[in-house]
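Novice: Provided below are the primary sequence and the corresponding predicted coordinates.
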Amino acid sequence: MDDKNYAYLTKKILKLTKINLDNYKSQQMRRRLNMFLANTGFDNIVSYAAALEKDQEMLQKLRTFLTINVSEFYRDKASFKYLQTIILPKLLKKCSSLNMWSAGCSRGEESYSVAMILNTISPGQNHRILATDIDDNSLKKARDGGPYSASELKNVSPNIINRYFTISNDEYRVIDKMKHKVEVKHQDLLNDQFERGFDLIICRNVTIYFTEETKRALNERFFKSLKDEGILFIGGTEVMLDASSIGFKQVGTSFYQKPENSPPIIMTPMNNLLVKT
């Protein structure tokens, strides 16, 4: 895909989905789009873009592809063990009722994983888990608590499955008790307003295709949304090389803490988008 076609498709995607590909690494996104478009049956960008304006199902397939909805319960078992045994107990010592946000929650797997952990280590206590994503199809599955496949539960012990899931025709659904613990909302991380006062923010494998400028701007906003001593939990393949310059202190692989009494930071503009904080 040459520069002219990529620029044309980028503008069309922004118009139809409000997803700004300028925030993504151009080379990787072009490669992914080329692979995707090769399977659409269209021989040029213009005809494909015209079809997107008329076909909502085709547009949804593109939106789902762009938002990279790949997740599973307890993804990266070592990180979730650290979350359960070290991070959450420390947060609970400071506050018995936690306010948490799963940003880019996909189909809700990680949000429910946290709910199940808290129900084990802090039974009977009310916590808030906000789960947000830009893809409405994924949000419906998260809101419904499934159905999930066996492969999405490959890291879940039989005891946890028996306790928190119902099984029918090889499909797994989260029980109502757990569904009520997760608040599911639509949100565009790059444009919508962020809440504040979180003890824990989880944003894993969401930013891997973002430009460094966009990642920094997003991490700065997460920093601002955390309480003092709050924790940001990122993906195992992601590294925040500029953590200290933002104000974070690394407290474990994939875990970054906002220190107490942190000074205000100067926010990085996000590609001149209007980002409300």
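Specialist: All right, it came through fine.
Novice: who's in contact with Ser225?
Specialist: Contacts for Ser225 (CB atoms under 8 Å, 6 or more residues apart in numbering) come out as Trp101, Phe194, Glu195, Arg196, Gly197, Phe198, Ile201, Thr277. Glycine gets a C-beta too; all of them are placed from N, C-alpha and C.
Novice: Quick one: buried ones out of the residues you listed?
Specialist: The neighbour-count test (16 or more other CB atoms under 10 Å) applied to those identifies Trp101, Phe194, Phe198, Ile201 as buried.
Novice: So the last one: helix, strand or coil?
Specialist: Reducing the assignment at Ile201 to three states with DSSP: H, G, I helix; E, B strand; the rest coil gives strand.
Novice: go on, the first one?
Specialist: Going by three-state DSSP, the secondary structure assigned to Trp101 is strand.
Novice: Dig out what it forms beta bridges with.
Specialist: Note on Trp101: beta-bridge partners by DSSP bridges are Leu130, Ile201.
Novice: Export the buried ones among the contacts of Ser225 to CSV and append columns for distance to Lys54 and pLDDT.
Specialist: CSV is the format used below for the buried ones among the contacts of Ser225 (distance: CB to CB, whole Å; pLDDT from 0 to 100):
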residue, distance to Lys54, pLDDT
Trp101, 36, 98
Phe194, 35, 95
Phe198, 41, 98
Ile201, 39, 98
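Novice: got the residues you listed as CSV, with distance to Asn159 columns?
Specialist: Compiled in CSV, the buried ones among the contacts of Ser225 are given as follows (distance: CB to CB, whole Å):
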residue, distance to Asn159
Trp101, 28
Phe194, 36
Phe198, 30
Ile201, 28
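Novice: State the distance from Phe222 to Leu232.
Specialist: Using CB to CB, to the nearest Å, Phe222 is found at 5 Å from Leu232.
Novice: I should have written Leu59 there, sorry.
Specialist: From Leu59 across to Leu232, the span is 32 Å (CB to CB).
Novice: got any ranges where the stretch 51-200 of the chain has weak pLDDT?
Specialist: The model of the stretch 51-200 of the chain has pLDDT under 70 over residues 68-70.
Novice: which residues in it form helices?
Specialist: Along the stretch 51-200 of the chain, the segments classed as helices by DSSP state H, counting those that start in this stretch run 56-66, 77-82, 88-94, 109-121, 136-144, 158-164, 176-179.
Novice: tell me what the longest one is packed against?
Specialist: Read that as helix 109-121. helix 88-94, strand 99-103, strand 128-133, helix 158-164, helix 176-179, strand 182-186, strand 198-203 (3 or more CB pairs under 8 Å, 6 or more residues apart in numbering; DSSP states H and E).
Novice: Which residue would you name as the spatial centre of this structure?
Specialist: Closest residue to the average C-alpha location of the chain: Gly104 at 2.0 Å, with CA atoms, centre = their mean.
Novice: give the contact list for that residue.
Specialist: Thr132, Asp133, Ile134, Leu189, Cys203, Arg204, Asn205, Val206.
Novice: and if you look at Trp101?
Specialist: By CB under 8 Å, 6+ apart, Trp101 lies in contact with Ile129, Leu130, Ala131, Thr132, Glu195, Phe198, Leu200, Ile201, Ile202, Ser225.
Novice: Test my guess that Leu59 contacts Lys18.
Specialist: No: look at Leu59 against Lys18 with CB atoms under 8 Å: they stay out of range, at 11.8 Å.
Novice: If you count surrounding residues, which of the two has more?
Specialist: Taking neighbours as other CB atoms under 10 Å, Leu59 and Lys18 compare with Leu59 leading, 16 against 12.
Novice: so how far is Trp101 from that one?
Specialist: 28 Å.
Novice: can you check Gln28 too?
Specialist: According to CB to CB, Gln28 and Trp101 sit 26 Å apart.
Novice: Equivalent analysis for Lys249, please.
Specialist: 19 Å.
Novice: Repeat that for Ala131.
Specialist: Going from Ala131 to Trp101 by CB to CB gives 8 Å.
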